[in-house]
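*Asks:* When you get a sec, could you give me coordinates for this:
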Amino acid sequence: MKKGLSVLIAAALLAGCAAQPMGEGGGVAVSEADSQSRERARAFTELADAYVARSQYKVALDELRKAITADSRYGPAYNVYGMIYMDLAEDTLAEDNFRRAIELDRNDSNARNNYGWFLCTRGRYDEGLAQFSAAIRNPLYGQPELAMTNAGLCAEKKGDLALAEANLGKALKLQPDNPNSTLKLAGLHFRQGRLPEAQRLLERHDELAAPTAESLWLGVRLERRLGDRAREAAYALQLRKRFPDSDETRQLLAGHFE
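*Replies:* Predicted coordinates:
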């Protein structure tokens, strides 16, 4: 789910702890050296994350090597490593790096969220849901609605629609104006056959954010099922014009509506 990754698993970098050799300045010198190493590791990791967003993985890996050289115990660097290897379908390397990030900081909810999504996309649903739960339990986590939304999608993949709806509903309670959670719940209602509810949520999404390929494709299929050919055509036109190279447009042109 490459496209979703930019929305469902974007990394927010957190500081952990460092261990560096003692210098001549005693405790103060060591503290300063640790701080400088940590800041270098943070800067390289942030740069790597920016390259990941543009799918420039080779350059991102080079920056991550610099980060680990600066501070081998900087957990967020391993989290970004995990994201890259997940995208590249290098599952063993992805899992090893996510686990290393969590080992270095068990309260790194960003790493737990990303690891949870990795597990869910590999069919390890219960393990993934456990990681989302651990992420959400951290009171300092700044994006609990993200992990809650991913937990909802994971539960749906598992086939537990009641749990999926509960998690997506909780995500919207945490952040009522979150367009991603709104769209995901609209999609779930569509797949459940609850068309008026799906339509209401899709319209709400369109009030909150610009259309996406996902939202327009949902609109096409929703209005087609409701029998409103004019609105179906309007959504289809937007999809073709705004996102001509998307998977959704290819499905539209192929007539794969289900």
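*Asks:* Do you have the helices of the stretch 151-258 of the chain handy? List them.
*Replies:* Ranges of helices in the stretch 151-258 of the chain, per DSSP state H, counting those that start in this stretch, are 161-174, 179-192, 195-208, 213-226, 229-242, 247-254.
*Asks:* Now tabulate these in JSON lines and tack on mean neighbour count.
*Replies:* In short, each C-beta sits where N, CA and C put it, glycine included. Shown next, in JSON lines, are the helices of the stretch 151-258 of the chain (neighbours: other CB atoms under 10 Å):
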{"stretch": "helix 161-174", "mean neighbour count": "18"}
{"stretch": "helix 179-192", "mean neighbour count": "22"}
{"stretch": "helix 195-208", "mean neighbour count": "17"}
{"stretch": "helix 213-226", "mean neighbour count": "21"}
{"stretch": "helix 229-242", "mean neighbour count": "15"}
{"stretch": "helix 247-254", "mean neighbour count": "15"}
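*Asks:* could you dump those helices to TSV with mean pLDDT and distance to residue 138?
*Replies:* Output for those, formatted as TSV (pLDDT from 0 to 100; distance: least, CB to CB, whole Å):
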stretch	mean pLDDT	distance to residue 138
helix 161-174	95	14
helix 179-192	96	19
helix 195-208	97	26
helix 213-226	97	29
helix 229-242	97	37
helix 247-254	96	34
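*Asks:* is it possible to export the ones you listed to TSV including distance to residue 98?
*Replies:* Below are the helices of the stretch 151-258 of the chain laid out as TSV (distance: least, CB to CB, whole Å):
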stretch	distance to residue 98
helix 161-174	21
helix 179-192	22
helix 195-208	30
helix 213-226	26
helix 229-242	34
helix 247-254	26
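*Asks:* Backbone dihedrals for the residue lying closest to residue 242 once chain neighbours are set aside, both of them.
*Replies:* Using CB to CB, 6 or more residues apart in numbering and skipping residues adjacent in sequence, the residue nearest residue 242 is residue 211, 6.6 Å away. Per-residue torsions, residue 211: phi -60, psi 150 (degrees, to the nearest 10).
*Asks:* Residue 211 touches residue 238, doesn't it?
*Replies:* Yes: contact criterion CB atoms under 8 Å: residue 211 and residue 238 qualify, at 6.1 Å.
*Asks:* How many residues are close by the residue nearest to residue 242?
*Replies:* Applying other CB atoms under 10 Å, we find 17 residues neighbouring residue 211.
*Asks:* Check residue 136 too.
*Replies:* Neighbours of residue 136 under the rule other CB under 10 Å: 23.
*Asks:* how much space between it and residue 212?
*Replies:* Separation of residue 136 from residue 212 (CB to CB, to the nearest Å) stands at 25 Å.
*Asks:* just residue 198 next, same as before
*Replies:* Residue 198 sits 16 Å away from residue 212, taking CB to CB as the criterion.
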